[in-house]
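# Provided below for reference: sequence and predicted model.
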Amino acid sequence: MEDCLAKKMEITVSEAEKRTGRNAMNMQETYTAYLIETRAVEPQTEGQCAPVDSLWRRYSEFELLRNYLSVTYPHIVVPPLPEKRADFVWHKLSADNMDPDFVERRRIGLENFLLRVASHPGLCQDKIFYSFLTQEGGWKEMVNETGFQLKADSRLKALNATFRVKNPDKRFTELKHYSDELQSVISHLLRVRARVADRLYGVYKVHGNYGRVFSEWSAIEKEMGDGLQSAGHHMDVYAASIDDILEEEEHYADQLKEYLFYAEALRAVCRKHELMQYDLEMAAQDLTSKKQQCEELATGTVRTFSLKGMTSKLFGQETPEQREAKIKVLEEQIQEGEEQLKSKNLEGRDFVKSAWADIERFKEQKNHDLKEALINYAVMQISMCKKGIQVWTNAKECFSKM
Amino acid sequence: DTSLAEVNSFSPSMPISPSSMINQYKFEDEPELRDLFITVDDPESHITAIETFITYRVVTKTSRGEFDSSEYEVRRRYQDFLWLKSKLEEAHPTLIIPPLPEKFIMKGMVERFSDEFIETRRKALHKFLNRIADHPTLTFNEDFKIFLTAQAWELSSHKKQGPGLLSRMGQTVRAVASSVRGGGVKNRPEMFTEMNDYVETFSQKINVLDKIAHRIYKEEREYFNEMKEYGPIHTLWSASEEDIADSLKGVASCIDKCCKATEKRMAGLSENLLPILHEYVLYSEILMGVLKRRDQIQGELDSRADALANKKTEKDLFSEEIGKLEDKVECANNALKADWDRWKQNMQCDMRSTFTNMAENNLHYYEE
């Protein structure tokens, strides 16, 4: 296992703060800044902690970092960021970006993102990433200087390639289908989960009304009064317990959301492959047609219809010198083309190899993480039921004493 | 259980219902003294030229001497129950007559003859008759006996006897008159004022509880509906996975089990808690009625006492009579109140064990 940054450095996103400032259009805006703390892990020294470095970053800077990484390492499934806006909201959750619960969950998500990047063997060595963590000022400029935006493939180009590519690696095609399925099933699951949470919340909270009425009722009862009163108290406990339960469930939902967004990262890798493959195919096609042209000029036969052929028929043949010149140019181009083709082929194969290696790594990570998440979910449910049993057993006792 | 054997000895091959009732029915005290067992079942629809109505089979088993036979089976319709109730109210204006299910149900899309409606009504009618049978005074009422034993034509002819519509109207007029006079309230004993206050508050609370319980039922139903969709998604997901397919399928099956457990919980609510709360909502209205009637009687007593201020001997006679009646009322009221409290205790226990059950089920079913 390579020595990842994560092993050498402790990284946390420890705080979030509301800030106001002026944006690019000189308008006042409010945003949240997150405190990133880093500390070197020294294996030798015991009981002595290295000093903590810290700096503040806002969400848009994280986005910039991620864009940079996606473009610079297209063969890697780059970890996703937590959602920009609150999605899959149910009635109690607020859709407001400034809501403290949302900010808190985002803080955790951002920390998770950094840890994932830091533990990825391919990404953790990146200098821009390192300075993101350590260099407060001038980082944005540094990123822009890399000129990565120019390297980015245009969306249109990518879409074109997806439609026109003839022979993509079957594994990538399958992977694309898988990521589509994954995305659709997880988003459906999250939607329904949000609705279930909403309903469950309702069931619990209405029980709280029992508490109030029982307490009022107990005022007029003699023998039943005490029992009612204490039972009512348990109903209140029951109704209140749902808040913590659902908060925990939100963390589970966030874990699923991460993989929902990972699906997009997977698709990005597939797109890159399709693009490269298409490029390759186009280059090969181009080469073939140039070779053909060359042959035609050399032998004087016109096998295919071409404008040149027509014009030469109409306006007379070219002089042999002209033809020679053309052939020479073509031969140069063909040689260039063949070299290019070779290197593109190599690039393509390398890409497929390294991408597939990372995809395998990703698959293992995904299976492990999801399994753990499901187990956690089950554990949560069990604990919820245990609480329920306790409350109702207590209530039952109170009632039987009435 | 030798006491039960005695009761059953007169009929060795007894059909199941009333005897199984013995096991279902909760006895507070002295179960051996029960000698009247009633069931209401087998609703049947009857169609005539004028109307369609439902009759219910009423089966009675008894060891009482005043009954000619030990077993009776008759068919009764809702109207007949209404008649019985009004006769009992007439005969015992200050006793707490158990509530009848309502004529119509306002809310909900329950049709008059839907299976659900009929079943709810049947259960309530069954309870009604049994409560009367349990009541130390009402159980010996003559009209009650006739209700249980008479054939259809006998009952109709009996119904036609007795105070007609006019006399009943007269009663109502007197009642209104006395309440307009503000009758009874000034001389009302402390105890009844307390009861009045109690019933008012109780009525409020029980109504709210009824609403809460219905609301909970509704929320649970919605929860159940969402859960039904939740499980299958995991199964769908497992189709695209390899490694985690089994875990996902496991979660899906657990969620389905939770659905079933939720269904059980809802059934518990609708069979147990909701009908009982509803019954007590009706009871609170009945109680208010009873207290009013008591006030009426007191009002009559007072006005009589005033009117006969001169004729001392006659006054004493009347006062004594009415005073006795009042005492009787007091005793009856208290007995029932005590009984009623114990009933509620049982009811609550039922409700809670349903819920505890639910929670336990959930635990078993939520596995990895």
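Looks like it came in fine. Keep in mind that what you see is a predicted model, and the values were worked out from it rather than measured.
# pLDDT at A:Thr301, what is it?
Looking at A:Thr301, its pLDDT reads 62.
# so A:Ile128 makes contact with A:Tyr68?
Yes - contact criterion CB atoms under 8 Å: A:Ile128 and A:Tyr68 qualify, at 5.8 Å. (C-beta placed from N, C-alpha, C; glycine too.)
# what residues are shared contacts of the two?
The overlap between the contact sets of A:Ile128 and A:Tyr68 (CB atoms under 8 Å, 6 or more residues apart in numbering or on different chains) consists of A:Val143, A:Thr146.
# Compare these two (neighbour count), which wins?
More crowded of A:Ile128 and A:Tyr68, by other CB atoms under 10 Å in any protein chain shown: A:Tyr68, with 23 against 18.
# Tell me the spacing between that one and B:Leu273.
61 Å (CB to CB, to the nearest Å).
# cool, B:Glu66 as well?
Distance from B:Glu66 to B:Leu273, counting by CB to CB: 37 Å.
# same deal with A:Lys8?
With distances taken as CB to CB, A:Lys8 is found 62 Å from B:Leu273.
# again with B:Gly65
According to CB to CB, B:Gly65 and B:Leu273 sit 39 Å apart.
# More neighbours: those two, which one.
B:Leu273 (23 against 7).
# May I ask you to confirm that the more buried one is in contact with B:Ile212?
No - using CB under 8 Å, B:Leu273 is not in contact with B:Ile212, being 10.4 Å away.
# show me where chain A has strands.
Secondary structure of chain A (DSSP state E): strands at A:9-22, A:28-40, A:52-58.
# Direction included, what does the second one pair against?
For strand A:28-40, the pairing partners within the sheet under DSSP bridges are strand A:9-22 (antiparallel), strand A:52-58 (antiparallel).
# Pick the most deeply packed of those.
Compared across these, strand A:52-58 shows the largest average neighbour count, a mean of 16 (mean count of other CB atoms under 10 Å in any protein chain shown).
# can you list the weak-confidence ranges in the stretch 151-300 of chain A?
A:300 (pLDDT under 70).
# contacting residues around the closest residue to chain B within it?
Residue of the stretch 151-300 of chain A nearest chain B, by CB to the nearest CB: A:Arg199 (3.7 Å). Neighbouring residues of A:Arg199 by CB under 8 Å, 6+ apart: B:Glu219, B:Glu222, B:Tyr223, B:Glu226.
# Chain B: strands as residue ranges?
B:36-47, B:52-62, B:71-77.
# Just put those strands in CSV and tack on mean pLDDT.
Formatted as CSV, those follow (pLDDT from 0 to 100):
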stretch, mean pLDDT
strand B:36-47, 82
strand B:52-62, 85
strand B:71-77, 86
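# can the ones you listed go into CSV with extra columns for distance to chain A and mean neighbour count?
Shown next, in CSV, are the strands of chain B (distance: least, CB to the nearest CB, whole Å; neighbours: other CB atoms under 10 Å in any protein chain shown):
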stretch, distance to chain A, mean neighbour count
strand B:36-47, 28, 16
strand B:52-62, 32, 19
strand B:71-77, 35, 17
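# Identify whichever of those lies nearest to A:Glu264.
The minimum distance between A:Glu264 and those falls on strand B:36-47, with 60.6 Å, by CB to CB.
# just checking, what packs against that closest one?
helix B:16-24, strand B:52-62, helix B:115-134 (3 or more CB pairs under 8 Å, 6 or more residues apart in numbering or on different chains; DSSP states H and E).
# wait, which of the ones you listed is closest to A:Glu248?
In terms of CB to CB, the element of the helices and strands packed on strand B:36-47 nearest to A:Glu248 is helix B:115-134, at 38.6 Å.
# Need the contact partners of that closest one.
Residues from elsewhere that reach helix B:115-134, judged by CB under 8 Å, 6+ apart: B:25, B:36-41, B:43, B:54, B:56, B:58, B:78, B:81, B:85, B:88, B:97-101, B:105, B:110-111, B:138-139, B:141, B:144, B:148, B:275, B:279.
# quick one, that helix and strand B:52-62 angle?
Inter-element angle recorded for helix B:115-134 and strand B:52-62: 30 degrees (by axes from the mean of the first three to the mean of the last three CA atoms, to 10 degrees).
# could you give the angle of helix B:115-134 to strand B:36-47?
Using the same axes, to 10 degrees: helix B:115-134 against strand B:36-47 is 150 degrees.
# Helix B:115-134 vs strand B:71-77, what angle?
With the same axes, to 10 degrees applied, the angle from helix B:115-134 to strand B:71-77 works out at 130 degrees.
# A:Gly202 and B:Tyr217 touch, don't they?
No - at 11.5 Å, A:Gly202 does not count as touching B:Tyr217 under the criterion of CB under 8 Å.
# can you count the residues close to A:Gln149?
Applying other CB under 10 Å, we find 11 residues neighbouring A:Gln149.
# Could you check how far it is from A:Glu264?
From A:Gln149 across to A:Glu264, the span is 19 Å (CB to CB).
# Then B:Gln79?
Relative to A:Glu264, B:Gln79 is positioned 70 Å away (CB to CB).
# likewise A:His234?
For A:His234, the distance to A:Glu264 equals 46 Å [CB to CB].
# Between those two, which is the more surrounded one?
A:His234 (24 against 13).
# How many residues are close by the closest residue to the more buried one other than its chain neighbours?
In this structure, A:His234 finds its nearest non-sequential neighbour in A:Ala395, 4.3 Å apart by CB to CB, 6 or more residues apart in numbering or on different chains. A:Ala395 has 27 neighbouring residues, counting by other CB under 10 Å.
# now swap in A:Glu37 and tell me
16.
# Please apply the same query to the one 4 residues further on.
For A:Val41, the tally of surrounding residues (other CB under 10 Å) stands at 12.
# How many residues are close by B:Glu226?
18.
# pLDDT at it, what is it?
89.
# swap in the one 4 residues further on?
On pLDDT, B:Tyr230 comes in at 90.
# Can you tell me, leaving aside adjacent residues, what's nearest to B:Thr62?
Leaving aside its sequence neighbours, B:Thr62 sits nearest to B:Leu36 (CB to CB, 6+ apart; 4.8 Å).
# what's the answer for B:Glu263, then?
Spatial nearest neighbour of B:Glu263, chain neighbours left out: B:Phe224 (6.5 Å); criterion: CB to CB, 6+ apart.
# on that earlier part again, quick check, the residue nearest to A:His234 in contact with A:Ala231.
Yes - the criterion here is CB under 8 Å, and A:Ala395 meets it with A:Ala231 at 5.0 Å.
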